[in-house]
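need a structure here:
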Amino acid sequence: MAGLPCHYYAKINYVMKQFTVSPLANPIKTTISVPSDKSISHRAVIIGSIANGRTEIKNFLSSADCLNTLKIMQQLGIEISNCNNYETVTIYGRGLQSFSEPKNILNCGNSGTTIRLLSGLLSAQNFLSILTGDDSLLNRPMGRVIEPLTLMGAKIAGRDNNTKAPIVISPGVLHGITYDMPVSSAQVKSAIMLAALQAKGETRIIEKEKSRDHTERMLAAFGATIKQDKNEVVIGSEQKLQAQNIFIPGDISSAAFFMAACSIIPGSEMVLQKVLVNPTRTGIINVLKKMGVKVEITNKKEISGEPVADLFVTSSELNALEVKGSTIPLLIDEVPILCILMAQANGKSVIKDAKELRFKESDRLKTMAQVLRKFSVEVNELDDGLEINGLAGKPFIINNFIEWPHHFDHRIAMSIAIAALKSNEPVIVPGAEWISTSFPDFEKLIHQLQMAVV
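Residues are numbered from 1 along each chain as shown. Got it, this is the predicted structure:
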């Protein structure tokens, strides 16, 4: 496999990293460990910082996004130490009102989780905070978190009529609310919950479809009183949290890329160890099974309030299917790689009710449509999804007359790399620098796959 040469893309006017992935001619037989869960790593740092006492986090994900969260908590005066390259992170929390006013603007980089969760956390503090990020983050919608926090009494404002970052937060006094969320979002729900911990009175949050529940689980593990009933969460105010020891399981969103690789290479088998199998995150497993892939869940146990298991995946001929409605929030981050699976299936697959994907690191519906066309797949872009005509297991054919899209994010770049394993020729994967936001060792594991053929 090639290293990391650089190539100049004039249209975006900077040097973009890339690496080459060659197609696999033989089945994969391997066991791998995927990186730690990004969502839980963020929350462990934040909630550990507002708890009282010494919280030890094992298997922390030292990706760019999570390190941005960690750095900001340090800027807020929290003492944090690490050893063995962040394998263990220790947080010395002193409660909700122990933060110091930051001396500078808080840069969240590319992390939507960081900026939205911290917007809620900082809304009840007695000092000024300014949250910003990179160009991609500055274009993502922030009105969805500013609106409910304002209803709670927060003095919070954003650029472009309170819809975009940077976000400026002044000292405010919060009160509980009942909030019916217009779009199901774990990030927005979590921001409200972190604000509610510091508000007067009870806060009730109602979602149309249940989103991932890592914040609810972790707050409960740290001693918070939370009531849950279907798609409703009720949290009381002025609660005190106690430090805990946390183990971060493997990220199922990262595992999805390698589950897909195994699924599209005939005769392949793969074991993915210690992967999160939280029911609000296992939509990709359910969809794979419906497409015909054999996925066995073994060695299941609960660790730090989250279900964890090994996944044994066996390749199979893929069937087309329609994914929509309540399934979408359960695999919102896996839709890009699901598109690659659908492109290898028999018949036409459809994704609906996924308009939220237009507001991620890139417009993932538009961008994945461009990627699939580059791989000579017939695709129709819908307002809220995609229609994909599968190749019935035939190799992807690179169309050299179509350029790669320039709106790269980490999940798009990784999806391209997985598709390259079933391509007619080696593929230069652009946008490699974005992958480090969630999966620093991705290229290394791709190389491991290419060595693990029989």
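
quick one, what contacts the spatially most central residue of the chain?
By C-alpha atoms, centre = their mean, the mean C-alpha position of the chain lies nearest to Asp333, the distance being 5.7 Å. Going by C-beta atoms under 8 Å, 6 or more residues apart in numbering, Asp333 touches 253, 256, 411. To be clear about C-beta, it is placed using only N, CA and C from the backbone, and glycine gets the same treatment.

Also Pro141?
Per C-beta under 8 Å, 6+ apart, neighbours of Pro141: 163-164, 359.

Write the ChimeraX selection for whichever of those residues are buried.
Command for ChimeraX that selects the buried part of these, burial taken from 16 or more other C-beta atoms under 10 Å:
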select :164,359
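
Among the contacts of Pro141, which one sits closest to Lys290?
Each of the contacts of Pro141 was scored against Lys290 by C-beta to C-beta, and Phe359 proved nearest at 26.7 Å.

Give me the pLDDT for that closest one.
At Phe359, the pLDDT value in this model is 85.

So for it, what's the nearest residue that isn't a sequence neighbour?
Closest residue to Phe359 in three dimensions, ignoring its sequence neighbours and counting by C-beta to C-beta, 6 or more residues apart in numbering: Pro141, at 5.2 Å.

one step back: please flag which of the contacts of Asp333 sit within helices.
Per DSSP state H, helices hold the following members of those: 253, 256, 411.

Report how many residues lie close to Glu269.
16 (other C-beta atoms under 10 Å).

mind checking the SS state of Val275?
strand (DSSP: H, G, I helix; E, B strand; the rest coil).

Gly120 touches Thr150, doesn't it?
No - counting by C-beta atoms under 8 Å, Gly120 does not reach Thr150; the two are 11.7 Å apart.

mind listing the helices for the stretch 151-300 of the chain?
Taking DSSP state H, counting those that start in this stretch to define them, one finds helices in the stretch 151-300 of the chain at 159-162, 186-196, 214-221, 252-264, 283-291.

now for the second one, which elements pack on it?
Right, helix 186-196. Secondary-structure packing of helix 186-196 (3 or more C-beta pairs under 8 Å, 6 or more residues apart in numbering; DSSP states H and E): helix 38-50, helix 112-122, helix 143-151, strand 203-206, helix 214-221, strand 232-235.

For my notes, please list those in CSV and give distance to Asn399 and mean pLDDT for each entry.
As requested, the helices and strands packed on helix 186-196 are exported to CSV (distance: least, C-beta to C-beta, whole Å; pLDDT from 0 to 100):
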stretch, distance to Asn399, mean pLDDT
helix 38-50, 32, 97
helix 112-122, 32, 98
helix 143-151, 37, 98
strand 203-206, 45, 98
helix 214-221, 40, 96
strand 232-235, 47, 96
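
Nearest to Asp363, out of those?
Closest approach to Asp363 among the helices and strands packed on helix 186-196 (C-beta to C-beta): helix 112-122, 14.1 Å.

And the next helix or strand past that closest one?
Counting by DSSP states H and E, the next helix or strand C-terminal to helix 112-122 is strand 129-132.

May I see the buried residues of that following strand?
129, 131-132.

List the contacts of stretch 265-272.
Taking C-beta under 8 Å, 6+ apart as the rule, stretch 265-272 contacts 24, 26-34, 250, 255, 258-259, 261-262, 310-315, 393, 421-422.

Any idea how far apart the tips of that stretch sit?
Taking C-alpha to C-alpha, to the nearest Å, stretch 265-272 runs 16 Å from one end to the other.

and it, which residues are buried?
For stretch 265-272, the neighbour count (16+ other C-beta under 10 Å) marks 265, 268-272 as buried.

try stretch 32-49
Buried residues in stretch 32-49, counted by 16+ other C-beta under 10 Å: 32, 34-49.

cool, stretch 127-146 as well?
Of all the residues in stretch 127-146, those buried under the rule 16+ other C-beta under 10 Å are 129, 131-134, 136-137, 139-142, 144-146.

quick one on the thing from earlier: which secondary structure state is assigned to the residue nearest to the centre of the chain?
Counting by three-state DSSP, the backbone at Asp333 sits in helix.

Can I get the buried residues of strand 129-132 in CSV including distance to Glu87 and pLDDT?
Below are those laid out as CSV (distance: C-beta to C-beta, whole Å; pLDDT from 0 to 100):
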residue, distance to Glu87, pLDDT
Ser129, 30, 98
Leu131, 28, 98
Thr132, 30, 98
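
of those, closest to Ile446?
The nearest member of the buried residues of strand 129-132 to Ile446, counting by C-beta to C-beta, is Thr132 at 32.7 Å.

Give me the spatial nearest neighbour of that closest one, chain neighbours excluded.
In space, and not counting its chain neighbours, Thr132 is closest to Pro166: 4.1 Å by C-beta to C-beta, 6+ apart.

To Cys66, which of the helices and strands packed on helix 186-196 lies closest?
Using C-beta to C-beta, these put helix 38-50 closest to Cys66, at 4.5 Å.

Show the pLDDT at the residue nearest to Thr132.
So Pro166 comes in at 98 (pLDDT).

Same check on Asn319?
The per-residue pLDDT reported for Asn319 equals 97.

doesn't Met291 make contact with it?
Yes - at 5.2 Å, Asn319 and Met291 qualify as touching, with contact defined as C-beta under 8 Å.

out of those two, which sits in the busier spot?
More crowded of Asn319 and Met291, by other C-beta under 10 Å: Met291, with 23 against 15.

Quick one: residues contacting the more buried one.
Neighbouring residues of Met291 by C-beta under 8 Å, 6+ apart: 263, 316, 318-321, 341, 345.

re the thing from before, just give me the closest of the buried residues of stretch 127-146 to Asn231.
Arg144 (16.9 Å).

what's near enough to touch that closest one?
For Arg144, the contact set (C-beta under 8 Å, 6+ apart) comprises 182-183, 185, 188.

give me every residue that touches Ser349.
Ser349 sits next to 320-323, 342, 387-388, 390 when contact means C-beta under 8 Å, 6+ apart.

quick one: which of those is nearest Arg94?
When those are compared for distance to Arg94 (C-beta to C-beta), Val323 wins out at 44.8 Å.

Leu288 is in contact with the closest one, correct?
No - Val323 lies out of contact with Leu288 (C-beta under 8 Å); the separation is 11.3 Å.

what's the distance between Thr150 and Gly201?
Plainly put, Thr150 is 16 Å away from Gly201 if you go by C-beta to C-beta, to the nearest Å.
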